[in-house]
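Participant: the amino acid sequence is not available; the structure is as follows:
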C-alpha cells in the first residue's frame, strides 16, 4: 500500500501548529503589509494582523508561494512518502492552483504528485484536506483520492458577508464606482462561492439582515442542490475575520435549524483577510463523501 502525504496551503485556514496535529503539510501563503512579506502563524498572528489594519494607512496585498517553495516541499515529503495529494485553493480565485498543476507535470513528480482542483477555499478547503487524510488512512491511493475529491468538487457552497468593500476594491475585486456606491449607502454585500468564482449574491443593510439572507440561501442549497434538507449528510461550517460574535450568532442559528449536524468555526486565513477585511462572517456547507460514511 502506498504511503500518501496530504499537502495544502494556508488558505485552508489550517495553521502550522494544527498541521502537525492533523498530520498534513501546509504551505504558507505569503501576504504583504506595507510591502513587507509575512506568513501567518510563522512571523505574524491574527491579533497582530488586525492590529496593523487599525491604521488607515496600512496597505495589504497577497501573492502565491514561489515554484521553488512548492517543489522543495514536494521533494522533502517524497523522501518519506510514496505519493502526494496537493489541495490548493480554488483555481477560479488564485493562480496558485494552475502553478501547482503545471509543476506536477515535471518528470520528477509525474505519477507521484496529484493536484486537486476541486474549487474549495477556507473551511470547505479544510474539509477536503481532512477527508483526503482520512481516505489516505483507509488505504486509498493518491490518484483515487484525487478522483474522489474532483468528483465532488461542486458539492460545497459558501456565503460571506463583507463588512466593508474597501479591501475588495483595493484588490481589484470590485470597480471603484461600485465600491464607492456601496460605501456611501453602507451596503453590506453578501457574496457566494459555488464552483470556481467569487460572485455577488445579494445586498444587505445590516449584519442581521445579511445573516438571514445567508441562512435562507444555505437552506435552499441543502434542499435543492444537496437533497439533504436536514443536513444529515452535510458538514456545516462558519468562518470569520475578527468577528467571533457574528460567527457565534451564526452557530446558534445553525444549531437551532439543524440540531445534531456537525458545525465547525474557524477564522479566515490572513491571506484571504487581506481581500475581505475585518468584520466579515461566512456560512458554508460541504457534502460528506460516500466513501467515508
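Facilitator: Yes, it's here. All values derive from a computational prediction rather than experimental measurement.

Participant: residue nearest the centroid of the chain?
Facilitator: For the chain, the residue sitting closest to the mean C-alpha position, by Cα atoms, centre = their mean, is residue 122 at 1.5 Å.

Participant: which element, helix or strand, includes residue 102?
Facilitator: Assessed by DSSP states H and E, residue 102 sits inside helix 96-103.

Participant: and what of residue 232?
Facilitator: With DSSP H and E as criterion, residue 232 is part of no helix or strand.

Participant: show me the residues around it that make contact.
Facilitator: 260-261 (Cβ atoms under 8 Å, 6 or more residues apart in numbering). Backbone N, C-alpha and C define where each C-beta goes, glycine included.

Participant: and it, what pLDDT?
Facilitator: Per-residue pLDDT puts residue 232 at 95.

Participant: check residue 174 too.
Facilitator: Residue 174 is given a pLDDT of 56.

Participant: ok, which stretches of the stretch 1-150 of the chain are strands?
Facilitator: 4-9, 25-27, 31-33, 36-38, 60-62, 83-87, 113-115 (DSSP state E, counting those that start in this stretch).

Participant: got a list of contacts for the first one?
Facilitator: In this structure, residues lying in contact with strand 4-9 by Cβ under 8 Å, 6+ apart are 14, 23-29, 65, 73-74, 77-78, 80-89, 96, 125-126, 129, 132-133, 136, 140-142, 145.

Participant: starting at the chain centroid, how far to it?
Facilitator: 15 Å (Cα atoms, centre = their mean, to the nearest Å).

Participant: quick one, helices of the chain?
Facilitator: Per DSSP state H, the chain carries helices over the ranges 16-22, 46-53, 67-78, 96-103, 122-137, 142-151, 166-170, 176-184, 207-220, 244-257, 270-276.

Participant: least reliable of those by average pLDDT, please.
Facilitator: Looking at these, the weakest mean confidence is helix 176-184, a mean of 56.

Participant: how about TSV for the strands of the stretch 1-150 of the chain, with mean pLDDT added?
Facilitator: Formatted as TSV, the strands of the stretch 1-150 of the chain follow (pLDDT from 0 to 100):
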stretch	mean pLDDT
strand 4-9	97
strand 25-27	97
strand 31-33	94
strand 36-38	96
strand 60-62	90
strand 83-87	98
strand 113-115	98
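
Participant: which of these sits closest to residue 230?
Facilitator: strand 83-87 (28.3 Å; Cβ to Cβ).

Participant: tell me what that closest one is packed against?
Facilitator: Packed against strand 83-87 by the contact rule (3 or more Cβ pairs under 8 Å, 6 or more residues apart in numbering; DSSP states H and E) you find strand 4-9, helix 67-78, strand 113-115, helix 122-137, helix 142-151.

Participant: buried deepest among the ones you listed, which one?
Facilitator: strand 4-9 (a mean of 26; mean count of other Cβ atoms under 10 Å).

Participant: partner strands of that one, with direction?
Facilitator: Strand 4-9 has the following sheet partners, assigned by DSSP bridges: strand 25-27 (parallel), strand 83-87 (parallel).
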